[in-house]
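> return atomic coordinates for the entry below.
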Amino acid sequence: MIRITDRIALDEAEIDESFVRAAGPGGQNVNKVSTAVQLRFDVRGSPSLSDAVRARLERLAGKRLTREGVLVIVAQRHRTQQRNREDALERLVDLIREAAIPPTPRRPTRPTAASRKRRLDDKDRRSKTKTLRRGPREGE
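Residues are numbered from 1 along each chain as shown. This is a model prediction of the structure:
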């Protein structure tokens, strides 16, 4: 079990890892060894997540989420398979932790008296400017 928060724990069987060849620096090693990790986690099918956390996680995942609701994280920053595995898992845990935090409700505020006065003064000034732009009326 992978501990995310005190209420959320993922079963390791829910996470699917596959290894692919990494792009970028690494010399000849890059062409021979599959060090990049492609971590897949089924967000919609996970029994470990509540509906609220699932919805926030889908929103946070963005383009990393497939149409089927599978979150795909590719880690290839490091030169070793093990460090890339740890990196991918850490990124998944961070994403779920962020989704587990409920949003703080917006507290409505009122404009200050000074800002209301400034707004009205600006409107008055603008109105006078536009009035001066008008030409003489027909018949006057």
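
> stretch 14-33 - what's its average pLDDT?
Stretch 14-33 shows a mean pLDDT of 69.

> cool, stretch 118-127 as well?
96.

> find out how far it is from the centre of the chain, if you would.
40 Å (C-alpha atoms, centre = their mean, to the nearest Å).

> after the lowest-mean-pLDDT helix or strand in the chain, next one along is what?
Sorting the helices and strands of the chain by mean pLDDT, DSSP states H and E puts helix 28-32 at the bottom, at a mean of 63. Next helix or strand after helix 28-32 toward the C-terminus (DSSP states H and E): strand 36-42.

> what strands line up against that following strand, and which way round?
If you go by DSSP bridges, strand 36-42 pairs up with strand 15-20 (antiparallel), strand 70-75 (antiparallel).

> for the first one, list every residue counted as buried.
Right, strand 15-20. Judged by neighbour count (16 or more other C-beta atoms under 10 Å), strand 15-20 contains these buried residues: 15, 17. In this view, the C-beta of every residue, glycine as well, is placed from N, C-alpha and C.

> so what's the spatially most central residue of the chain closest to, chain neighbours aside?
In the chain, the centroid-proximal residue (C-alpha atoms, centre = their mean) is L60; its distance is 3.5 Å. Spatial nearest neighbour of L60, chain neighbours left out: A99 (5.5 Å); criterion: C-beta to C-beta, 6 or more residues apart in numbering.

> quick revisit: redo the strands paired with strand 36-42 as JSON lines? Include distance to S34.
Below are the strands paired with strand 36-42 laid out as JSON lines (distance: least, C-beta to C-beta, whole Å):
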{"stretch": "strand 15-20", "distance to S34": "4"}
{"stretch": "strand 70-75", "distance to S34": "12"}
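
> how far does the helix or strand harbouring L95 sit from the chain's center?
In the assignment (DSSP H and E), L95 maps to helix 81-100. In terms of C-alpha atoms, centre = their mean, the centre of helix 81-100 is found 14 Å from the chain centre.
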